[in-house]
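S.K.: model the following, please.
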Amino acid sequence: MARGQLRIYLGAAPGVGKTYAMLAEARRRQERGTDVVVGYVETHGRPRTAALLDGLEVLPRATTTHRGAEFTELDVPAVLRRAPDVVLVDELAHTNVPGGRHDKRWRDVEEILDAGIDVITTVNVQHLESVNDVVENITGVPQRETVPDEVVRSAGQVELVDMAPEALRRRMAHGNVYTPEKVDAALSNYFRVGNLTALRELALLWLAGKVDEQLDRYRTDHGIGGTWEARERIVVALTGGPEGETLLRRATRIAARSKGADLLAVHVTRGDALSGALSGAQARDLARQREIVEGLGGTFHQVVGDDIPRALLDFARAVNATQLVLGISRRGRLAQLLRPGIGVTTTALSGTIDVHMVTHDQARQGIRRTVRDQGLSARRRAAGFLVAAGGLPLLTFGLTEARPALSLPSDILFFLAAVVGIALVGGMWPALFTAVAGFLLLNWFFTPPLYRFTVAEQENLIALAVFVLVGVGVSMVVDHAARRSREAAKLGSEAGLLSALAGNVLRGERALDTLLGRMRETFGLTSVTLLERPVPATPDSHGDPADWRIVATVGGRPCTSPGEGDTEIPAGDGLTLAIRGRPLPAGDRRVLEAFAVQAAGALRQQRLEAEAERARPLEEADKMRTALLNAVSHDLRTPLASAKAAVDSLGTTSVDWTPEERAELLDTAAQSLDRLDRLVANLLDMSRLQAGVLGIAAQPIALDEIMPRALDDIGDTGDRVTVRLDPRLPEVTADPALLERVLVNLVENALRHSPPDEPVLITAGAIKDRVELRIADRGPGVPPADRERIFQPFQRLGDRDNHTGVGLGLALARGLTEAMGGELVPEDTPGGGLTMIVALSVHKRGPVHPKGEAL
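M.R.: Numbering: from 1, shown residues only. As a prediction, this is how the structure comes out:
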């Protein structure tokens, strides 16, 4: 079954007429014989919109009950059963009531489309996910309902319902959008002229991007390669040279002349990566130019191509560019006479694309080329010369002895083999020496007339000339292959290092010292130092140690300024890597710069973590203060209100209270004040615990002495507690008052969660040098994942109820227990429930005095 088509009416703000346009389109289709039904349309009480529903089939809505209220939503099963050609579904970004088929209406629409039914819908620009935050910054109103841009972009048709801000405000003033009581507030807030203008521009720009995508798709589907100047797109070509910033400024000025023009920067890398590799300075310049482009709102692209002019034009045509900005060639005049430059070739092939050739300071000053690395080492080249010096005489002697059996062509082949062999051993220069020396030896010893540097026959002269040319060619090819092999190995090594560095980043290994140590080991350095300049740069600050601070260093004696190192690598933000040990070749700077960037990132991460660590106590304190204010409002108000009501009642003269009623009021006031006293005491103790100033008066105490006092503090509910303590239990070391508070809080918590007909059981037992006191309830228990959370201050499991206390008891109980050197842990009660285990140290008696007193 073919998927249905989606048509969307996009608006800049409510009231522009999206629903009206949707209904008008439905009526037009109905008149043409299309089966159209209304799945969900919200008229918002607008008479003209409601009038368009007349004559259209309206499907019944689905009714959903949520939190005691009834809501109506789109009935997707009803739409699927009816199976019309087209269904109208208003407000695409709407969030459905919980319990429905889908959480979002756009998901309902997707299901209907999958069933082969066309859908017409509406959406405002503020509901698009990509601009949601921008709309909030403009209007100050957060939009909770959003729809992914991909859903809207996938629509077959998106039509903008546009209206000028002034016209929309007039509609509102006339009561055509909102009811009269809402008009003034809307006009002075969300529907201000500035807001509506900005929203209108957002809608136009978003739709323009959608149109661009459709145009690109059409050009691709129909194989159209030419430029269609629907919008100005300026492409600037960057080489990584210093002239790049000049080109970017010029291209930006060109783009600024056309409203909405796009700026694209492109760098072409040759397909041969070895010859296309940038030097360190070029790589830095190109990275900076990329930042400039992105800062200007443009985009940076990198393409690969052996033919740079054609690669540039292919890219420009692919993005439908209208103008191309190039720099005047840096090559000298002689080089330009011998071969046309990239700019000349690009201009000749550009066709309908305008090409701007921009002059700059480096024009025609020549290109500084880096010294090419030798393909083979000096030892290999020396070995080649030695083999040539020793091998050629031996070869000549051997061929001379075999002269009757060999002709001149055979001798030439033997010398050519020697050239190839020496080229493999020592590279180009030893091979060239061998070719020249071989030519002379062949001419003197083997070419008639012998022992003279003359050639009697023209054929022999040609053979000798070919020998020299072949020898030179072979030596150059072997040397070139050796150079490429060495460069490839070096680039492979660099790629491995960069891959390992990227892996470290992905694994989160950002320790600064570890990173610098790896850099020192990789390049065999004496020391690596990361320096930071805390003051602005001055002309003399580069080598002045007073202007630099050592952030991190590994290895031997650190550098105190960049000037002390053999190599320095800027790391940005006033940071520099100073390297001591040996000068490093320019080819290593790419990897060094990657290490420098990573070192700067590791330093920032380290400092951020330190700041976060310093801020964590303040954050925790702030959370506690906020939680305290939120939590105690009810618990302070309730006992105060009860006590005040009881006292006010006793003080009134208009009522004659009986003695029983007066005693009840007094008891109510006393209980409320006792509850308030316990709450304040808990808060004070928790504050002392947090501040670390809680005083502990530890002493030996028996549990059977402290338990009755704790149950007395609980009051009448203490009758539901069953205590089973062995009188032979040893004494524990604790603060009696604090231990009593711990027991009161734990027992009250157990009573609160236990069923009324289930008692709370308290038992105790001695295990080695500890006594474990167990308070077991038969409540619902606590899942293992939530057991630590119940000990957080001002928290209750679920965070939904603050009418049974501030959630401070368990947090205070654990804090007081740990302050006394004990431990409080929860575990499951066999058969269901939660058991709180208070573990305290057994009191250790000192030596006994002869009179029986403990010392």
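S.K.: show me what counts as buried in stretch 752-770.
M.R.: 753, 754, 758, 759, 760, 761, 762, 764 (16 or more other C-beta atoms under 10 Å). Backbone N, C-alpha and C define where each C-beta goes, glycine included.
S.K.: make a markdown table out of those residues and add distance to residue 777 and pLDDT.
M.R.: Below are these laid out as a markdown table (distance: C-beta to C-beta, whole Å; pLDDT from 0 to 100):
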| residue | distance to residue 777 | pLDDT |
| --- | --- | --- |
| 753 | 6 | 87 |
| 754 | 4 | 89 |
| 758 | 8 | 90 |
| 759 | 9 | 91 |
| 760 | 5 | 92 |
| 761 | 8 | 93 |
| 762 | 10 | 93 |
| 764 | 16 | 92 |
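S.K.: Serialize those to JSON lines and add fields for secondary structure and distance to residue 746.
M.R.: Compiled in JSON lines, these are given as follows (DSSP: H, G, I helix; E, B strand; the rest coil; distance: C-beta to C-beta, whole Å):
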{"residue": "753", "secondary structure": "helix", "distance to residue 746": "11"}
{"residue": "754", "secondary structure": "coil", "distance to residue 746": "12"}
{"residue": "758", "secondary structure": "coil", "distance to residue 746": "16"}
{"residue": "759", "secondary structure": "coil", "distance to residue 746": "15"}
{"residue": "760", "secondary structure": "strand", "distance to residue 746": "9"}
{"residue": "761", "secondary structure": "strand", "distance to residue 746": "12"}
{"residue": "762", "secondary structure": "strand", "distance to residue 746": "9"}
{"residue": "764", "secondary structure": "strand", "distance to residue 746": "13"}
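S.K.: now, which of those sits nearest residue 530?
M.R.: residue 753 (56.7 Å; C-beta to C-beta).
S.K.: residue contacts, that closest one?
M.R.: 777, 779, 780, 834 (C-beta atoms under 8 Å, 6 or more residues apart in numbering).
S.K.: which stretches of the stretch 551-700 of the chain aren't confidently modelled?
M.R.: Within the stretch 551-700 of the chain, the stretches falling below the threshold (pLDDT under 70) are 573, 583-590, 620-638, 679, 682-683, 685-694.
S.K.: about what we covered before: now for the contacts of residue 753, which pair is the farthest apart?
M.R.: Set against one another by C-beta to C-beta, the contacts of residue 753 have their most distant pair in 777 and 780, with a gap of 9.4 Å.
S.K.: okay, and the common contacts of those two?
M.R.: 753, 833.
S.K.: comparing these two, which shows the higher neighbour count?
M.R.: Between residue 777 and residue 780, counted using other C-beta atoms under 10 Å, the more crowded position is residue 777 (25 against 13).
S.K.: I'd say that one and residue 748 touch.
M.R.: No - with contacts defined as C-beta atoms under 8 Å, residue 777 does not count as touching residue 748, sitting 10.8 Å away.
S.K.: re the thing from before, restricted to strands, list the contacts of residue 753.
M.R.: Members of those lying in strands (criterion: DSSP state E): residue 834.
S.K.: follow-up on the earlier one: between the buried residues of stretch 752-770, which is nearest residue 566?
M.R.: Top of the list for closeness to residue 566, among the buried residues of stretch 752-770 and by C-beta to C-beta, is residue 753 at 71.4 Å.
S.K.: stretch 825-843 spans what distance, first to last residue?
M.R.: One end of stretch 825-843 to the other measures 21 Å (C-alpha to C-alpha, to the nearest Å).
S.K.: could you do stretch 555-565 as well?
M.R.: Taking C-alpha to C-alpha as the measure, stretch 555-565 stretches 13 Å from start to finish.
S.K.: for that stretch, buried residues please.
M.R.: By neighbour count with 16+ other C-beta under 10 Å, stretch 555-565 contains the buried residues 555, 558, 559, 560, 561, 562, 564, 565.
S.K.: make a markdown table from the buried residues of stretch 752-770 and add distance to residue 99 to it.
M.R.: Formatted as a markdown table, the entries for the buried residues of stretch 752-770 read as follows, by distance: C-beta to C-beta, whole Å:
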| residue | distance to residue 99 |
| --- | --- |
| 753 | 30 |
| 754 | 33 |
| 758 | 35 |
| 759 | 40 |
| 760 | 39 |
| 761 | 41 |
| 762 | 44 |
| 764 | 49 |
